[in-house]
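Colleague: My questions concern the predicted model and sequence given below.
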Amino acid sequence: MNQHARVDPVPIPFIDVGAQRRRLGRAIDDAIARVTAHCQFIQGPEVAAFEAELAAYCGARHAVGCASGTDALMLVLLARGVGPGDAVICPAFTFCATAEVVALVGAVPVFADVDAATFNLDAASLKRAVATARRHGLTPKAVIPVDLFGLPADHDAISAVAKAEGLFVLDDAAQAFGAIYKGRKLGTIAPATATSFFPAKPLGCYGDGGAVLTDDPDLADTLRSLRVHGQGRDKYDNVRIGLTSRLDTIQAAVLIEKLKIFSDEIAARDRIARRYAASLLDVAIVPAVPDGLASVWAQYTIRLKPGLRDAFAAKLKAQGIPTAIYYPKPLHRLEAYRHFPVVDNGIPVTDRLAEEVISLPMHAYLDAPTQDRVIEAVRTALKP
Ligand SMILES: Cc1ncc(COP(=O)(O)O)c(C=O)c1O
């Protein structure tokens with residue numbers, strides 16, 4: 001045996017869904033077994049029970065489960081009658097689903113820029129984007145702020161512009177369920193909030209799932225109709241065009257168990273984020289959390305000086321530490337979206353962020369020695 005053979009460091013996971021699975025143990029198995037015993041796979045009792053718990057968790061009056069975070073966004077646009085000739089303002093620095101749903105309902109996404117410190121929609125750019133939309137002959141109907149990486153957007157400033165311009169606010173909290181904006185949880189801030197239960201999200205299920213949170217009983221009723229083919233009094237009394245977009249009973253059963261440990265997990269993520277920030281702020285730009293806000297840290301995303309990122313990622317990979325880039329191409333540069341309008345003074349912050357951001361491993365089960373490994377690798381890689 002070669003005594004000098006190099007031993008590669010054991011790779012760590014970027015998100016450890018398995019660690020949470022081990023913690024939940026039998027509780028999840030039992031929850032799933034209850035569904036397979038009663039066989040009400042569609043709209044079984046766990047769905048209404050989970051919706052009630054989800055609404056109570058964030059303080060919203062209604063939670064309407066559906067098949068994904070994308071559908072949650074689209075269902076609200078359908079309920080609001082957004083369609084051809086309408087514009088919906090979206091940040092350009094987000095996952096494609098934010099704008100995809102706008103195009104799917106036949107409206108036009110108009111891209112606005114984000115704030116460099118928070119990565120979230122810049123209210124001044126939103127205002128300009130409304131004017132851009134009008135110049136394109138479109139009727140601005142709504143804005144979809146995104147609470148990117150788990151941090152709430154600047155909702156007061158956004159809702160002030162929305163009010164002045166007559167826009168409906170649909171909050172895309174796909175990455176941010178549980179986050180706090182000035183003392184209140186997301187789900188109660190905008191008139192409608194969409195979230196995702198994709199497995200890698202802070203509150204994820206074991207497949208696809210999503211929900212809309214709202215205080216508006218009429219909107220909630222319309223959403224419940226839309227998710228079952230636009231049903232009226234029953235499913236063969238169709239009063240509007242809808243789709244199939246229900247939250248599966250098994251997923252609701254899984255989510256009921258996960259919600260029980262969710263606050264504890266958010267607290268763990270926050271402790272890790274604070275430790276990362278304290279240990280890395282002299283070598284990278286660490287995420288800013290404005291006063292009064294709390295992130296759920298769907299991602300822990302730092303910024304590096306331009307040109308450093310590829311070599312940095314390679315050095316971490318060699319240490320067994322994965323990284324990810326959210327998002328290497330902003331929406332207005334993606335093939336499917338590049339023909340849509342961009343706010344007239346451009347999107348320089350988004351363009352810069354797409355070159356500089358890189359996300360580090362982040363999940364509630366990242367133990368102290370593993371945090372140390374990440375911190376040490378980042379510091380070494382960025383040493384001048
Ligand atoms: C910002 C944002 N919006 C919407 C979605 C769509 O959620 P889903 O994957 O559940 O359809 C995601 C999911 O990645 C997202 O990150």
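Modeller: Ah, there it is.
Colleague: Pull out the buried positions in the strand or helix carrying residue 19.
Modeller: Using DSSP states H and E, residue 19 sits within helix 17-24. In terms of neighbour count (16 or more other Cβ atoms under 10 Å), helix 17-24 has its buried residues at 20, 24. Any C-beta I mention is one placed from the backbone N, CA and C, and that applies to glycine too.
Colleague: Over to stretch 40-51?
Modeller: By neighbour count on 16+ other Cβ under 10 Å, the buried set for stretch 40-51 is 43-44, 46-47, 50-51.
Colleague: with those residues in mind, which one is nearest to residue 182?
Modeller: Minimum distance to residue 182 across these is 25.4 Å, recorded for residue 51 (Cβ to Cβ).
Colleague: and this structure, which of its residues are near the ligand?
Modeller: 68-70, 94-95, 97-98, 146, 172, 174-175, 196, 198, 208, 210 (Cβ under 6 Å from any ligand atom).
Colleague: of the residues you listed, closest to residue 289?
Modeller: For the residues of the chain next to the ligand, the nearest to residue 289 is residue 175 (14.6 Å; Cβ to Cβ).
Colleague: how would you label the closest one: helix, strand or coil?
Modeller: Assigned by DSSP: H, G, I helix; E, B strand; the rest coil, the conformation of residue 175 is coil.
Colleague: Could you count how many residues lie near it?
Modeller: If you count neighbours by other Cβ atoms under 10 Å, residue 175 ends up with 27.
Colleague: Now this protein against the ligand: closest residue?
Modeller: Nearest to the ligand, among the residues of the chain, is residue 69, at 2.5 Å (Cβ to the nearest ligand atom).
Colleague: That residue contacts residue 199, correct?
Modeller: No: the pair residue 69 / residue 199 is not scored as a contact, 11.9 Å apart, by Cβ atoms under 8 Å.
Colleague: Mind checking which of those two has more residues around it?
Modeller: residue 69 (28 against 15).
Colleague: where's the more buried one relative to residue 178, distance?
Modeller: As judged by Cβ to Cβ, to the nearest Å, residue 69 and residue 178 stand 14 Å apart.
Colleague: Run through the protein and note the low-pLDDT ranges.
Modeller: 1-7 (pLDDT under 70).
Colleague: Look through it and tell me its longest helix.
Modeller: Determined from DSSP state H, the single longest helix within the chain is helix 249-280.
Colleague: Tell me what angle it forms with helix 17-24.
Modeller: Orientation note: helix 249-280 sits at an angle of 110 degrees relative to helix 17-24 (axes from the mean of the first three to the mean of the last three Cα atoms, to 10 degrees).
Colleague: tell me which residues in helix 249-280 are buried?
Modeller: Buried, per 16+ other Cβ under 10 Å, within helix 249-280: 249-259, 262, 265-266, 268-270, 272-273, 275-277, 279-280.
Colleague: How is the closest residue in space to residue 324 that isn't next to it in sequence assigned, secondary-structure-wise?
Modeller: In this structure, residue 324 finds its nearest non-sequential neighbour in residue 359, 4.8 Å apart by Cβ to Cβ, 6 or more residues apart in numbering. Assigned state for residue 359: strand (three-state reduction, three-state DSSP).
Colleague: Give the burial count for residue 359, as a bare number.
Modeller: 18.
Colleague: Repeat that for residue 311.
Modeller: 12.
Colleague: How about residue 355?
Modeller: The local packing of residue 355 (other Cβ under 10 Å) involves 14 other residues.
Colleague: My understanding was that it contacts residue 305; is that so?
Modeller: No: Residue 355 is not in contact with residue 305 according to Cβ under 8 Å; the separation is 9.9 Å.
Colleague: List the residues that contact residue 283.
Modeller: Residues near residue 283 by Cβ atoms under 8 Å, 6 or more residues apart in numbering: 378-379, 382-383.
Colleague: Just the ones in helices from those, please.
Modeller: Reading helices off these with DSSP H, I get 378-379, 382.
Colleague: which of the residues you listed are buried?
Modeller: Counted by 16+ other Cβ under 10 Å, the ones in helices among the contacts of residue 283 give 378, 382 as buried.
Colleague: Adding distance to residue 346 as columns, could you present the ones in helices among the contacts of residue 283 in TSV?
Modeller: Below are the ones in helices among the contacts of residue 283 laid out as TSV (distance: Cβ to Cβ, whole Å):
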residue	distance to residue 346
378	32
379	35
382	30
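Colleague: Identify, from the ones in helices among the contacts of residue 283, the entry nearest to residue 153.
Modeller: For these, the nearest to residue 153 is residue 378 (27.0 Å; Cβ to Cβ).
Colleague: As a check, name the ranges of all helices in the stretch 101-250 of the chain.
Modeller: Along the stretch 101-250 of the chain, counting by DSSP state H, counting those that start in this stretch, helices occupy 123-135, 155-165, 217-226, 249-280.
Colleague: for the ones you listed, which one sits closest to residue 24?
Modeller: helix 249-280 (5.7 Å).
Colleague: to the chain's geometric centre, what's the distance from the helix or strand following that closest one?
Modeller: Per DSSP H and E, helix 249-280 leads on to strand 293-294 as the next helix or strand towards the C-terminus. Mean-position distance between strand 293-294 and its chain equals 15 Å (Cα atoms, centre = their mean, to the nearest Å).
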